[in-house]
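In: Got a predicted structure plus its sequence, pasted below:
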Amino acid sequence: MGKTTARQALQAQLLDMCRQDKRIAGLVDYSAEDERILESRTDFALTLFIIDTYFDTFVLELEAWFTRFGPPLLLLREAENTIRVVYDAQPLPVHLTAICLPANSMHLTLDRPALEANVLYDATGQLTTALHQAADAFPTDQQATFEELASTFWYDLLDTLCKLLRGDQWNACQLFHVSVLPALIRLLRLEATIISQWYNHHSGIEPALPAERLARLNACLPTAATLAGTARALRKSIELGSEVCRSIAALHGFRWPHALAERIEAIVLFWLPSDRCT
């Protein structure tokens, strides 16, 4: 049996505290589904469900509740019902984000697939039932999902390209990372029929994708904070996105904005030729 990690130790403490605290109806961790990933993780993404009659007082005591697990290096109240905490540990600090919700709002978990959730504590069994029902939360209309996703990808890619060409480089980089890459990753998941972690799209992507696709995706990351580095990342994203969209569309007969894609490819070829992106 392997050595207990700091994360595992904190999880055991959390579970013990939930069992002792009659105010808590359930605890869910959304940080990872793959045990191999969990072994190396030092973070939690928690949702605490509090019995309704105790909710207001529990939220007021949120800082005190989390200091029971040790003196924090950081304790940040992000919102009335949300907190971030960092505990010192070796080799890396353990950190968590926790959101508190009333127990009667357990249905809100239905917008997150059960594949992404780990029920750590369930006082009544209702939370486990709700999460099992959430197994169908992945969009069932694959055509509508693809067509909306492909349209989003190419629109945001054009927006990023226009910002880059007018010299707004940091804005272009920000948009690329928060909009273009997430859409591209979801397109890759659709192509490979990998629906787990759909809403937490980037989590566990390394073991999920075929090696060739992962290598191509890795090449879409900017190699430097320069015009050439960002332009090269855009070119690689356009090449991969176009290939993935064509593959899915050809296989299923779905529509995608190929005319816009071809226009963007032409713009890049003219304004950002490969000899300027090396």
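Out: Ah, there it is. Residues are numbered from 1 along each chain as shown.

In: so which helix or strand takes in Leu181?
Out: If you go by DSSP states H and E, Leu181 is part of helix 181-191.

In: mean confidence for that helix?
Out: Across helix 181-191, the average pLDDT comes to 94.

In: how about the helix or strand following it as PDB, C-alpha atoms only?
Out: Following helix 181-191 in sequence order, the next helix or strand is helix 205-208 (DSSP H and E). The C-alpha trace of helix 205-208 is given here as PDB (Å, rounded to 0.1, in the frame of the first residue of the first chain):
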ATOM      1  CA  ILE A 205      -6.900  15.500 -21.800                       C
ATOM      2  CA  GLU A 206      -3.400  14.000 -22.000                       C
ATOM      3  CA  PRO A 207      -4.400  10.300 -21.500                       C
ATOM      4  CA  ALA A 208      -7.800  10.800 -23.200                       C
END
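
In: Which positions in the helix or strand just after helix 205-208 come out as buried?
Out: Sequence-wise, the next helix or strand downstream of helix 205-208 (DSSP H and E) is helix 211-218. Neighbour-count burial for helix 211-218, counted by 16 or more other CB atoms under 10 Å, picks out Arg213, Arg216, Leu217. In short, each C-beta sits where N, CA and C put it, glycine included.

In: Could you pull up the residues touching the first one?
Out: Contacts for Arg213 (CB atoms under 8 Å, 6 or more residues apart in numbering) come out as Leu188, Glu191, Ala192, Leu240.

In: how about 6 Å then?
Out: Residues in contact with Arg213 (CB atoms under 6 Å, 6 or more residues apart in numbering) are Leu188.

In: Could you tell me how far it is located from Glu206?
Out: In this view, Arg213 and Glu206 are 11 Å apart by CB to CB, to the nearest Å.

In: Which residue ranges make up each domain of the chain?
Out: 6-136, 142-276 (automatic domain parsing).

In: ranking those domains by mean pLDDT, which is last?
Out: Looking at the domains of the chain, the bottom one is domain 6-136 with a mean of 86.

In: residues making contact with the helix holding Leu181?
Out: By CB under 6 Å, 6+ apart, the list of residues contacting helix 181-191 reads 146, 149, 152-153, 201-202, 209, 213, 237, 241, 244, 247-248.

In: ok and that helix relative to helix 211-218, angle-wise?
Out: Here the directions of helix 181-191 and helix 211-218 differ by 170 degrees (axes from the mean of the first three to the mean of the last three CA atoms, to 10 degrees).

In: in helix 181-191, what's buried?
Out: Leu181, Pro182, Ala183, Leu184, Ile185, Arg186, Leu187, Leu188, Arg189, Leu190, Glu191.

In: Export only the CA atoms of that helix, formatted as CSV.
Out: The C-alpha trace of helix 181-191 is given here as CSV (Å, rounded to 0.1, in the frame of the first residue of the first chain):
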residue,chain,number,x,y,z
LEU,A,181,-8.4,26.4,-27.2
PRO,A,182,-11.4,25.2,-25.1
ALA,A,183,-13.6,24.9,-28.2
LEU,A,184,-10.8,23.1,-30.0
ILE,A,185,-10.4,20.6,-27.2
ARG,A,186,-14.1,19.9,-27.2
LEU,A,187,-14.0,19.3,-30.9
LEU,A,188,-11.2,16.8,-30.4
ARG,A,189,-13.3,15.1,-27.7
LEU,A,190,-16.2,14.9,-30.0
GLU,A,191,-14.1,13.4,-32.8
